[in-house]
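>>> coordinates only, sequence not included:
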């Protein structure tokens, strides 16, 4: 993609809408909608790197209640012709085709390469990558098992949603509470993952979420790893203007 003059590409991650309660997340949802309204004015594309919801499960004919403000805004932006790309995170890994069919938003389950103005990006949520996250990696094998998903689908939505939302907040492996401390540039596992990727191919930028900490780490002579932070306490996002990538904080 060549970015037109005056246009930018925006990146955000880890909103966890619905946590810890719908009432408490509502102001954050409204703030995120404000951000979407602002960036749509000069956006060439918008990337959402996972965990938009604290829990999301699509039954055959049922999707979670709520989030109408953000879903409506995403539909409006998508309908206007601005492409939006969504990467499934560990909290919304049970997403199926709702975004693709209802909002015309492509959904990815693994990191993907993009090239903008001759700059090569490697983009994803970041869960389960690198040497860390061992507890979650074991749990993800269970959650993504087709048999487990089939069994969960037979729970009545009222029961299934309540159970999943409780675990999403209370279970430290699922919530990621154990992994929200900065480990140092030499130990950050997504930075280590990026360095390994550079052994086989050059990337200018690695952009991930999941860590809930905004960070910028040089991983090669001309390569940088960025983590987008979150929309719970930091309200940080990334922007690429066609030449440079920058982390910013949204302050309406």
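Perfect, thanks for sending it. Note that the coordinates shown come from a computational prediction; the quantities given were computed from them, not determined experimentally.
>>> just so I have it, where are all the helices in the stretch 151-252 of the chain?
157-170, 172-175, 189-197 (DSSP state H, counting those that start in this stretch).
>>> If you average pLDDT over each of these, which is lowest?
Lowest mean pLDDT within these: helix 172-175, a mean of 46.
>>> Any idea which helix or strand in this protein has the lowest mean pLDDT?
helix 172-175 (a mean of 46; mean pLDDT, DSSP states H and E).
>>> where are the low-confidence patches of the stretch 101-250 of the chain?
132-145, 148-150, 152, 154-158, 160-179 (pLDDT under 70).
>>> Now with 50, please.
Applying pLDDT under 50 to the stretch 101-250 of the chain flags residues 172-178.
>>> counting contacts, what elements does the longest helix anywhere in the chain pack onto?
Using DSSP state H, we find that the single longest helix of the chain is helix 22-39. In terms of contacts (3 or more Cβ pairs under 8 Å, 6 or more residues apart in numbering; DSSP states H and E), helix 22-39 is packed against strand 8-12, helix 68-79. All C-beta atoms are positioned from the backbone trio N, CA, C, and that covers glycine.
>>> go with 10 Å
Judged by 3 or more Cβ pairs under 10 Å, 6 or more residues apart in numbering; DSSP states H and E, the packing partners of helix 22-39 are strand 8-12, strand 43-48, helix 68-79, strand 236-240.
>>> partners of the last one, with directions?
Spelled out, that is strand 236-240. Paired neighbours of strand 236-240 in the sheet (DSSP bridges): strand 8-12 (antiparallel), strand 245-249 (antiparallel).
>>> tilt between the first one and helix 22-39?
In terms of direction (axes from the mean of the first three to the mean of the last three Cα atoms, to 10 degrees), strand 8-12 departs from helix 22-39 by 170 degrees.
>>> and strand 8-12 with strand 43-48, angle?
10 degrees.
>>> what's the answer for the last one, then?
If you take the same axes, to 10 degrees, strand 245-249 sits at 70 degrees to strand 43-48.
>>> Buried residues of strand 245-249, list them for me.
Neighbour-count burial for strand 245-249 flags 245, 247 (criterion: 16 or more other Cβ atoms under 10 Å).
>>> if we can go back for a sec, any chance of JSON lines for the helices and strands packed on helix 22-39, columns distance to residue 220 and mean neighbour count?
Shown next, in JSON lines, are the helices and strands packed on helix 22-39 (distance: least, Cβ to Cβ, whole Å; neighbours: other Cβ atoms under 10 Å):
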{"stretch": "strand 8-12", "distance to residue 220": "20", "mean neighbour count": "23"}
{"stretch": "strand 43-48", "distance to residue 220": "22", "mean neighbour count": "22"}
{"stretch": "helix 68-79", "distance to residue 220": "34", "mean neighbour count": "16"}
{"stretch": "strand 236-240", "distance to residue 220": "18", "mean neighbour count": "22"}
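>>> For residue 55, which of these is the nearest?
helix 68-79 (14.8 Å; Cβ to Cβ).
>>> Tell me which strands the helix or strand following the closest one pairs with, and in which orientation.
As assigned by DSSP states H and E, the chain's next helix or strand after helix 68-79 is strand 84-87. Strand 84-87 pairs in its sheet with strand 43-48 (parallel), strand 107-108 (parallel), by DSSP bridges.
>>> With respect to residue 153, which of the helices and strands packed on helix 22-39 lies nearest?
helix 68-79 (21.9 Å).
>>> Run through who's touching the closest one.
15, 17, 26, 28-30, 32-37, 39-40, 43, 46, 48, 52-53, 63, 67, 82-84, 86, 98-99, 102-105 (Cβ atoms under 10 Å, 6 or more residues apart in numbering).
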